[in-house]
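S.K.: Predicted coordinates and the sequence they were generated for:
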Amino acid sequence: MRKNYAVIGDPIQHSMSPAMHNDLFQFYGIDAEMKKIHIKKELLESGLIELRDMNIAGFNVTVPHKQAIIPFLDELDPLSKAIGAVNTVVCEKGKWIGYNTDGEGYLRGLLKQLPDLPQRKIIIIGSGGAARGIYFTLAQYGVLQIDICNRTLSNAAALKDACPYPVNTNIMDFASAEKTLSEYDLIIQTTSIGMSPHIDDTPIQLTNLKREALVSDIIYNPLETKILSAAKIKGAKTQNGIDMFVYQGALAFEKWQGFFPDTERMKQCVLTQLGG
């Protein structure tokens, strides 16, 4: 019997999750299909009722539902509970169980480039949902120093205070971060600044970036944002958002199917979709 999977959001047409997962289903001979389901922000409750009627086996959750869906779930894993957001739901024996694979997905991709991650000094740009998932996950992993740079300092301070895992964190404005950028081994850009179609925007100037640093931007459209292009000119290493997207999807697939899929195949599928 074919299993039904979905990705829900508002908007949803841009999502590449179905292409990636349906390719895996075909590759592994799994009788399943993932569809995009548009659920408007104000119609989440009725949309989820319809989803239950579809006998859904699991689904991904994207903006703006990652936090709003929590009251409608039966259980949360500890990390998604701490983060306060869910991007993956497993449907088992009538129960909907929520997980957050965004932070773990980012961590998996990052460790390929920085295996000695806990010893690195990190600064995160932004304090939104993506920053929250990454910050909590890296703190849980054992990173000792993660500073947060944000335009609204109170939001960054609230993020720091909410983290349940021990980590040293300084709150910084953009001017201070730019001045001390040479102290950091890893700069993580988590905002939407630089995303298509606003490809000429950049959140921070890299004048003081050190050559040995890694600049990581979670955006993957375009594949090289302006901040990554500037980092390359400085001789630094760069990472776009493809790895995070692929690994969060792979972790969701593992929760649904019980085994970890071929991430290189997934990456090529996404690149093909992007025309890269």
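M.R.: Right, received. Where do you want to start?
S.K.: drop to CA atoms for contacts and neighbour counts, all remaining ones
M.R.: Will do.
S.K.: What ranges does the stretch 101-250 of the chain have for its helices?
M.R.: 102-111, 129-141, 153-162, 174-179, 226-233, 242-257 (DSSP state H, counting those that start in this stretch).
S.K.: Export the ones you listed as CSV, with columns for mean neighbour count and mean pLDDT.
M.R.: As requested, these are exported to CSV (neighbours: other CA atoms under 10 Å; pLDDT from 0 to 100):
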stretch, mean neighbour count, mean pLDDT
helix 102-111, 21, 96
helix 129-141, 22, 94
helix 153-162, 17, 97
helix 174-179, 16, 98
helix 226-233, 19, 97
helix 242-257, 22, 97
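S.K.: Surely residue 25 and residue 19 touch.
M.R.: No. Contact status for residue 25 versus residue 19: not in contact, 10.0 Å apart, counting by CA atoms under 8 Å.
S.K.: Quick one: closest of the helices of the stretch 101-250 of the chain to residue 64.
M.R.: Ranking the helices of the stretch 101-250 of the chain by distance to residue 64, with CA to CA as the measure, places helix 129-141 first at 10.3 Å.
S.K.: residues in contact with that closest one?
M.R.: The contact list for helix 129-141 (CA atoms under 8 Å, 6 or more residues apart in numbering) reads 79, 82-83, 85, 100, 102-104, 106-107, 118, 124-125, 146, 159, 163-167, 190-191.
S.K.: These, buried ones only, as a PyMOL selection?
M.R.: For the buried members of the contacts of helix 129-141, the matching PyMOL selection, counting by 16 or more other CA atoms under 10 Å, is:
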select buried, resi 79+82+83+85+100+102+103+104+106+107+124+125+146+159+163+165+167+190+191
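S.K.: domain ranges for this protein?
M.R.: Described in terms of automatic domain parsing, the domain architecture of the chain consists of the residue ranges 3-100+243-274, 104-240.
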